[in-house]
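Engineer: All I have is the shape, not the residue letters:
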């Protein structure tokens, strides 16, 4: 092939080192020994500049630690497991806010350092990351004792009995210990999520307004598909079977975002798959479409669905890259308008770290599945831009927000939407795919 | 003095021409002949790129048209009056959303072109701009017949009787015609606002959360002070007396934002006037502080309060300018952190049009009140930057959003937060102050 084994090896080496640095950064600076959980707002030098704890980021960090601990030998360290467990305990103790419209399952968006709720979003994402964390945590702590009492606060006899029934039908042979509680929580919250998304969203607390057209926002089926993947991965045919239909539904919902005769991915469409009017209908988020792309590639591989694989590559990888890549300065735009109007988001032309993370995963995964060298070239194009712009060689970790020209505009390492997630997930997945590719070649 | 009459005259000429161009732009492109009200999302070339109608901007445009019609001879044209009345009718017909937690007085944030509610904010600002519009409208239509029936939809006998009582005690001698309905609405909604701000905010629909510390956000007393000024201006001693206490309360609330031993204005403080922790507590918005500055200057002039005048200039004009002016590229930053951390707002280093508008008003008003030439120098410094960066010489009107370096980042003329308000208010007020200054000099 055009690309030598040496080039792939160098790339893997760089990625591996970068992952070590990033893990190190968060182990060193983000743990709160006093209240548990993780600091999210961390400056360029590692100092905490705000002690608020964002539930999305708490859940994501628990998930990422567990995933690294469970699947990467060099991260199978007690320090990482303990941090994940402490984060999980913090979440289970404080994230769920009772008394709101969403019943016991609604989670806060943001908590004080000691766990008091600061803000609740009227969406499903805090809950999604809570589930992601709990499911992965149950996979690493299945063999340890956990304190069931920790959730007794919100756990009534009635829900307990009902859950016991669900769980027993799900996992008949497992002992009823910590694994039980986590899976059970994740499972129950998942049912609630599905109800909010597919049946009735009024429990989220958003009033239904006559002018607010029902919308299929791509984030929702993407997030659910991510959860389906998480919950079913490596599990028995009963669990896989239970979620197959939901997975297919998510894929269909995502595919509705192919618009304009197959020439564009739009972030928001009508529930019937039509284009919505105005800015909302014309909005494009290239990084998000690329992320959807690798979710679809993953699903297509599980289902051996070659048609879906082709669609994922042609529509969710090539189109967003073609329109979203800044030909002048390099990098992916954050938002675009399909009719070339100026987006109304002030940050539309900024270069954010996470779309580049998603692009790296997407192109490398697509190359692994197809061996099409054009896809590897795209990967290296994004790789060059990403590694020459985002990592902070001095302080470690990555900057998150650049101007269109590629200058650092916000210099913190962690903030309300940037935590221990996109960067390590990207590095972890790319390293693992490169391992596979190199194993094939040698 | 250092500045010649000729320089002031040239400046007034430029400002007058600019105001004519801006009024022209909105008269030409923003009116909706089919549904009433105004288009807000208008591209650089005048084309409507989204037909959503934002209630803040609808109210502001009604106010601005009425104010120009009423107080500037060259704008005393039927075309402008008709547009204002049509905007007012649209607002009164559609802005208020019944059935929400706020009762009949809660307004939507955003409406469809034909007036269906799209979004409701859990704040008081839509209501504030509604009142601003209605009060000013009642001043220009006091001598014309208006259709009382237009608000019958949300107007029950009970509220009618109660309002009649309020109004009669307020304005005993006026005839009960259109003026009646508008003043009455404004008055009733004002009472509701004061209740939300001073007594109990739960009617706004935001759940009270244990970790969400009570906050004095500077926007709230500023907005109320703006309304007090509007409602009392030129009115009799009964009305002025009724709102005097509220005005003083607003001023006290605004003055609580002087922090760090008098060296900084912070956007959010505790209700007791202490500093709040974290990013929220350290946030600075120089343009907003400058706007508060001229609100205070206006109040100090009305009350002949020289101590307040000095405080306004030293704290609300000089400090925000000193910290907020970009020494490298010129222009005012949007957000800063008082401890020099990087703000978490992605747009923190952008140069927005409206802080520059507020700065122009503030420094010119301060100069008029004090004749301190340093303040006129500041005015001209902001004037040079503003007029060389924001106006679009080709298409008319101003760009709203520049990069830190001063390049146009978003090229539309109207958007969800930019309408017919900050630019014309600034030009109108500066022209009027320059008229006064020049009248004094000659």
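Structural biologist: All right, it came through fine. Just so we're clear, the structure is a prediction, and the values are computed from it rather than from any experiment.
Engineer: alpha carbons only for contacts and neighbour counts from here, please
Structural biologist: Noted.
Engineer: Contacts only, for residue A:76.
Structural biologist: A:68, A:69, A:70 (CA atoms under 8 Å, 6 or more residues apart in numbering or on different chains).
Engineer: what about the first one, how many residues close to it?
Structural biologist: Right, residue A:68. Applying other CA atoms under 10 Å in any protein chain shown, we find 20 residues neighbouring residue A:68.
Engineer: Kindly report the same for the last one.
Structural biologist: A count of neighbours around residue A:70, defined by other CA under 10 Å, yields 18.
Engineer: what comes up buried for the host helix or strand of residue A:87?
Structural biologist: In this assignment (DSSP states H and E), residue A:87 forms part of helix A:78-94. Within helix A:78-94, the residues scored as buried using 16 or more other CA atoms under 10 Å in any protein chain shown are A:80-81, A:83-94.
Engineer: Could you single out the nearest of those residues to chain B?
Structural biologist: residue A:94 (11.3 Å; CA to the nearest CA).
Engineer: Which neighbouring residues are in contact with the residue lying closest to the closest one once chain neighbours are set aside, exactly?
Structural biologist: Residue nearest to residue A:94 in three dimensions, not counting chain neighbours: residue A:115, with 5.3 Å by CA to CA, 6 or more residues apart in numbering or on different chains. Applying CA under 8 Å, 6+ apart, we find residue A:115 in contact with A:53, A:90, A:94, A:95, B:211.
Engineer: which ones are touching residue A:317?
Structural biologist: Residue A:317 sits in contact with A:289, A:290, A:293, A:359, A:362, A:363, where contact means CA under 8 Å, 6+ apart.
Engineer: give me that answer again for 7 Å
Structural biologist: Going by CA atoms under 7 Å, 6 or more residues apart in numbering or on different chains, residue A:317 touches A:290, A:293.
Engineer: One more: the one 3 residues further on?
Structural biologist: For residue A:320, the contacting residues are A:286, A:289, A:290, by CA under 7 Å, 6+ apart.
Engineer: in the stretch 251-400 of chain A, what residue is nearest chain B?
Structural biologist: residue A:278 (4.7 Å).
Engineer: Can you get me a residue count around the nearest residue to that residue once chain neighbours are set aside?
Structural biologist: Counting by CA to CA, 6+ apart, residue B:50 is the residue found nearest to residue A:278 once chain neighbours are left out, at 4.7 Å. The tally of other residues near residue B:50 (other CA under 10 Å) stands at 20.
Engineer: Let me know whether residue B:50 touches residue B:30 as I believe.
Structural biologist: No. Using CA atoms under 7 Å, residue B:50 is not in contact with residue B:30; the gap is 11.4 Å.
Engineer: if we can go back for a sec, which SS state does the residue nearest to residue A:94 fall under?
Structural biologist: Secondary structure state of residue A:115, per DSSP: H, G, I helix; E, B strand; the rest coil, is coil.
Engineer: And it, how far from residue B:209?
Structural biologist: Look at residue A:115 and residue B:209: by CA to CA, to the nearest Å, they are 11 Å apart.
Engineer: now residue A:341
Structural biologist: Distance of residue A:341 to residue B:209, given as CA to CA: 40 Å.
Engineer: Give me the phi and psi for residue A:43.
Structural biologist: Backbone torsions of residue A:43, given as degrees, to the nearest 10, read phi -70, psi 180.
Engineer: same question, residue A:349
Structural biologist: In terms of degrees, to the nearest 10, the main-chain angles of residue A:349 are phi -100, psi 10.
Engineer: residue contacts, it?
Structural biologist: Counting by CA under 7 Å, 6+ apart, residue A:349 touches A:333, A:334, A:335, A:404.
Engineer: returning to that earlier point: and the buried residues of helix A:78-94 as CSV, adding pLDDT and distance to residue A:14?
Structural biologist: Formatted as CSV, the buried residues of helix A:78-94 follow (pLDDT from 0 to 100; distance: CA to CA, whole Å):
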residue, pLDDT, distance to residue A:14
A:80, 97, 22
A:81, 97, 25
A:83, 96, 26
A:84, 97, 26
A:85, 96, 29
A:86, 96, 30
A:87, 97, 29
A:88, 96, 31
A:89, 95, 34
A:90, 97, 34
A:91, 96, 33
A:92, 93, 36
A:93, 95, 38
A:94, 96, 38
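Engineer: burial of residue A:77, as a residue count?
Structural biologist: Neighbours of residue A:77 using other CA under 10 Å come to 13.
Engineer: which one is it nearest to, not counting chain neighbours?
Structural biologist: Leaving aside its sequence neighbours, residue A:77 sits nearest to residue A:69 (CA to CA, 6+ apart; 6.7 Å).
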